[in-house]
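Chemist: Fold the following for me, if possible:
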Amino acid sequence: MSSAEARSAVRQALTPEAVAKLGTMELRARAIVEGHLSGQHASTHRGASVEFVDHREYAPGDEPRHIDWKLYGRTDRLFVKEYEAETNLSLHLLVDVSRSMDFASGGVTKLRHATFLAAALAYIATRQRDAVGLFLFDHAVRQALPAMTKPAHLARLFEALEAAAGGEDTRLTSALEEIAQHIPRRALVVLLSDLLDDPAAVLRSLGYFRHRGHDLIVLHTLDPAELNLDYRGTVAFEDLESAERLSVEVSDVRAGYLAELRRFLAAYRHGCRDRSIDYALMDTSAPFDVAISAYLAHRRGVVAKRRVGGR
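Modeler: All right, here's what the predicted structure looks like:
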């Protein structure tokens with residue numbers, strides 16, 4: 001099998017439905033990341049300095065400058081100092097658990113899709129020894145885990161994502177402003193949400209993160225039915241948050257709906273661009289390796305531009 005055929009096979013296997021059937025969030029994260037991207041991803045950011053972690057016994061090929069000569073004087077054995085990079089940025093995952101995220105036209109809900117992506121990003125960051133934090137929110141923060149690097153912390157983060165369930169109504173502005181107060185240090189912030197709120201108000205709230213020096217990525221998570229309105233005949237639609245029901249002949253409203261959707265998406269896409277925020281549309285029917293590859297491409301592009309600019 002050629003490499004292209006292998007990639008195609010993996011892409012077909014990593015459907016949201018297939019990933020949802022895997023046993024644990026850790027297994028799902030590993031499948032998403034290692035199934036296609038193992039060894040390919042680059043660090044999202046570089047360490048600013050290094051911190052001593054531990055000793056290990058000297059092995060041929062180790063650089064002599066890392067030998068702890070004081071310890072050699074006490075033990076008559078050669079040990080090498082090991083260091084861990086201290087990163088400029090920690091990663092904070094912001095996952096929208098409002099009721100609208102419980103929608104699915106088939107396969108998995110927007111919320112499940114978002115938690116799978118968040119788990120994969122956490123797995124990548126932890127493997128790079130970057131600190132990862134998590135906020136689950138609807139109109140307010142429902143659960144918060146501080147950014148840490150320990151394996152036990154990643155397990156707790158997976159548990160929180162696994163247990164995430166549809167909450168209350170969406171008020172992104174109040175939730176984002178609350179979260180911004182809890183991330184005091186410069187960080188990489190990834191928002192996973194359907195963004196079903198007023199774009200102008202949401203973009204103002206996202207601006208708070210940029211003003212505080214955070215790097216921000218928005219993964220706009222939508223169901224294919226929301227993107228295409230691929231229904232036929234008369235359909236009864238129900239608002240998951242207000243429970244309001246409306247029966248319409250889809251052919252009568254499709255053109256108007258799609259035009260409004262284009263304006264909605266453009267408002268976020270252009271608004272994020274104007275604020276130097278990375279934006280990517282996440283179709284919940286798409287294979288996960290495609291989504292993760294898009295995320296990493298965003299990061300590589302952002303980091304490359306900043307290095308060229310001397311930032």
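
Chemist: which residue ends up closest to the midpoint of the chain in space?
Modeler: The centre of the chain sits closest to A118, judged by C-alpha atoms, centre = their mean, with a distance of 4.2 Å.

Chemist: what are the phi and psi angles of it?
Modeler: phi -60, psi -40 (degrees, to the nearest 10).

Chemist: Excluding chain neighbours, what is closest to it?
Modeler: L93 (4.6 Å; C-beta to C-beta, 6 or more residues apart in numbering). Just so you know, the C-beta spots here come from the backbone N, C-alpha and C atoms, and that holds for glycine as well.

Chemist: need the contact list for that neighbour.
Modeler: By C-beta atoms under 8 Å, 6 or more residues apart in numbering, the contact list for L93 reads A118, L121, A122, V132, G133, L134, F135, V190, L192.

Chemist: In strands, which of those fall?
Modeler: If you go by DSSP state E, those have V132, G133, L134, F135, V190, L192 in strands.

Chemist: any idea which of the residues you listed is the one closest to A297?
Modeler: Nearest to A297 among the ones in strands among the contacts of L93, counting by C-beta to C-beta, is V190 at 14.3 Å.

Chemist: partners of the closest one in the sheet?
Modeler: As for beta bridges, V190 partners with L93, I217 under DSSP bridges.

Chemist: correct me, but it touches S90?
Modeler: No. Using C-beta atoms under 8 Å, V190 makes no contact with S90, being 11.5 Å away.

Chemist: between these two, which one's more packed in?
Modeler: More crowded of V190 and S90, by other C-beta atoms under 10 Å: V190, with 24 against 21.

Chemist: pLDDT score for the residue nearest to A118?
Modeler: For L93, the model assigns a pLDDT of 97.

Chemist: what do you get for A6?
Modeler: pLDDT, read off for A6, is 44.

Chemist: was I right about G271 contacting S205?
Modeler: No. Look at G271 against S205 with C-beta under 8 Å: they stay out of range, at 11.2 Å.

Chemist: check contacts around Y72.
Modeler: L78, F79.

Chemist: what stretches of the stretch 1-150 of the chain score poorly on pLDDT?
Modeler: For the stretch 1-150 of the chain, the stretches with pLDDT under 70 are 1-13, 35-56, 59-63, 82-89.

Chemist: Could you pull out the strands in it for me?
Modeler: If DSSP state E, counting those that start in this stretch is used as the criterion, the strands of the stretch 1-150 of the chain fall at 47-57, 79-87, 90-96, 132-137, 141-148.

Chemist: Next: the stretch 151-300 of the chain.
Modeler: 187-193, 215-222, 234-238, 245-249, 278-283.

Chemist: which stretch in those strands is the model least sure about?
Modeler: For the strands of the stretch 151-300 of the chain, mean pLDDT drops lowest on strand 234-238, to a mean of 66.

Chemist: Can you report how many residues neighbour E226?
Modeler: 20.

Chemist: in the stretch 201-311 of the chain, what spans have low per-residue confidence?
Modeler: 231, 233-243, 249, 301-311.
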